[in-house]
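# Output the structure for:
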Amino acid sequence: MESFNFEPKLILMHLYFIAIGGSAMHNLAIALASKGYRVSGSDDEIFEPSKSRLARYGLLPEKLGWDASRITSGLDAIILGMHAKADNPELLRARELGLKIFSYPEFLYEQSKDKKRVVIGGSHGKTTITAMILHALRQANLDCDYLVGAQLEGFDVMVKLTQEATVMIFEGDEYLTSPIDPRPKFHLYKPDIALLSGIAWDHINVFQTYDNYVDQFRIFINEITPGGSLIWCADDAELQRICPGCRDDITILPYALPSYEIRERQTFILLKENAFPLRIFGKHNLMNLEGARLVCNQLGIRDFDFYSAMQTFKGASKRLEIVSESETSIVFKDFAHAPSKVEATLKAVKEQFPSRKIVACLELHTYSSLNREFLGHYKGTLDAADTAIVYYNPHALALKGLPNLTPEQVKEGFSRNNLEVFNNVQLLLTSLNSENWKNSVLLMMSSGNYDGIDLKELGSRICGS
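Model prediction:
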């Protein structure tokens, strides 16, 4: 990667964002404006909360759409978002002028190359592990820069960049870098401390074979700086194959399930004579906790102090987040969409509420989940539910250029004959509202929004609040 001078004396540089409205992009724009850079940008569509947040910082474009005349030789650099296309007129003009063009992962590396870099990778759990680390560091009064994939309670932005911090924590996404750079984002960060939470095939529109997907994690391991550390989940079968003995110039640290117990619906971590009550639950979250602990150990935080900090950790947004609760019923929402995460999340709820009826409702929203050839990967993932429901919108299939799915094909993929399948959101709502929710848990899982279902309103009706 070509080096670029971002010394403090150039802090008034003018950076232009093509596709400024994206989740990561608008947060980076805000972080850089807060750091002192001159920032502007464009997009053809900007939704909430990006729109309001950009407006609050004076960064919202005056009008939507692309306009090549905005790209001039007076710009110091372009930051290109994934939402833009390779034939974007502003991008073409920037290339014509010979301007320096960064993807946001490239730019984040430039901002962090003199810091200790911690990169959290894996097919699932990245946001939660990153959030745990940030929470522990804050409790220990240790400053750091960061990139995280969700809005966290107590943190104003999803990207923080400063001159002073000596450590940067990255949530390392394996999706593509930009329209003109097909490398996975986490290949660009060159970690000093790396963590892998597990590998479960995802993004099949990009990584069309399982082996190709796994190869991206092998490349990630090879990008760890000499003398660095690889922390990995020993419970994951694929990581068991690629992590032990992968390199002799780094420290390799596996982690497993910690000692814990559940008392009256609360999970406690056990450390010698101490029992630390947690606000989170589920074996997958306890695994995430152990990975975060090892990272924090590397950053100077002792086990006792880490577990003490975790007593006040509420979890990342949309990760087993309570929507509504009463004495006899509770509604959760969770970002789970990949098969392994769906299964792990459902089992966590079942373990935490063994005497309650569990109703699991999954929205198929991603390209992979809506792909007929991929559906078989969901076999058995909803088996722990007393009532299992799958929802999908035929319009989403059309938008992704996928052939139509029938309810029968969905049932075949999940291998559950009594699976309830809906492709009409009003029929889904009618069904949910007709359930008897006494002594029950509703788990709503999706990376989408169930086509506009107001989960708070649904939760209030179910819990009577």
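# C-alpha only now, for contacts and for neighbours.
Noted.
# Name the residues of the helix or strand hosting residue 411 that come out as buried.
In this assignment (DSSP states H and E), residue 411 forms part of helix 407-414. Under the neighbour-count criterion of 16 or more other Cα atoms under 10 Å, helix 407-414 has 407, 410, 411, 412, 413, 414 buried.
# contacting residues around the fifth one?
With contacts defined as Cα atoms under 8 Å, 6 or more residues apart in numbering, residue 413 is in contact with 375, 376, 377, 378, 379.
# 10 Å instead, please
Residue 413 is in contact with 372, 373, 374, 375, 376, 377, 378, 379, 380, 407, counting by Cα atoms under 10 Å, 6 or more residues apart in numbering.
# Walk me through the domains of the chain.
8-104, 115-310, 321-463 (automatic domain parsing).
# Kindly reformat the ones you listed as a markdown table containing mean pLDDT.
Below are these laid out as a markdown table (pLDDT from 0 to 100):
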| stretch | mean pLDDT |
| --- | --- |
| domain 8-104 | 92 |
| domain 115-310 | 94 |
| domain 321-463 | 94 |
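# Output the contacting helices and strands for the longest helix anywhere in the chain.
Secondary structure assigned by DSSP state H gives helix 283-298 as the longest helix of the chain. Using 3 or more Cα pairs under 10 Å, 6 or more residues apart in numbering; DSSP states H and E as the contact test, the elements touching helix 283-298 are strand 116-121, helix 126-139, strand 193-196, strand 229-233, strand 251-255, strand 266-271, helix 303-310, helix 339-352.
# Now tabulate these in CSV and tack on distance to residue 89 and mean neighbour count.
Converted to CSV, the helices and strands packed on helix 283-298 look like this (distance: least, Cα to Cα, whole Å; neighbours: other Cα atoms under 10 Å):
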stretch, distance to residue 89, mean neighbour count
strand 116-121, 33, 26
helix 126-139, 34, 23
strand 193-196, 37, 26
strand 229-233, 41, 24
strand 251-255, 46, 17
strand 266-271, 54, 17
helix 303-310, 48, 19
helix 339-352, 38, 20
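# To residue 161, which of the ones you listed lies closest?
Nearest of those to residue 161, taken as Cα to Cα: strand 116-121 at 12.7 Å.
# Just checking: what are the partner strands of that closest one?
Partner strands for strand 116-121, per DSSP bridges, with pairing direction: strand 167-171 (parallel), strand 193-196 (parallel).
# Serialize these to CSV and add fields for distance to residue 365.
Output for these, formatted as CSV (distance: least, Cα to Cα, whole Å):
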stretch, distance to residue 365
strand 167-171, 22
strand 193-196, 25
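# do you know which of those strands lies nearest residue 139?
Nearest of the strands paired with strand 116-121 (Cα to Cα): strand 167-171, 15.5 Å.
# Pull the distance from that closest one to the chain's centre.
14 Å (Cα atoms, centre = their mean, to the nearest Å).
# ok, back up a step: now intersect the contacts of residue 413 with the helices, please.
Using DSSP H, the contacts of residue 413 in helices are residue 407.
# Just name the closest of the contacts of residue 413 to residue 58, please.
residue 374 (43.3 Å).
# contacting residues for that closest one?
So residue 374 contacts 201, 202, 204, 339, 367, 368, 413 (Cα under 10 Å, 6+ apart).
# give the contact list for residue 202.
123-124, 174-175, 208-210, 213, 337-339, 366-369, 374.
# so is it in a helix, a strand, or just coil?
coil (DSSP: H, G, I helix; E, B strand; the rest coil).
# What distance do you get for it to residue 14?
From residue 202 across to residue 14, the span is 37 Å (Cα to Cα, to the nearest Å).
# Distance check, the nearest residue to residue 112 once chain neighbours are set aside against residue 188.
Excluding the flanking residues, the one nearest residue 112 by Cα to Cα, 6 or more residues apart in numbering is residue 168, at 6.6 Å. Computed as Cα to Cα, the residue 168 to residue 188 distance reads 14 Å.
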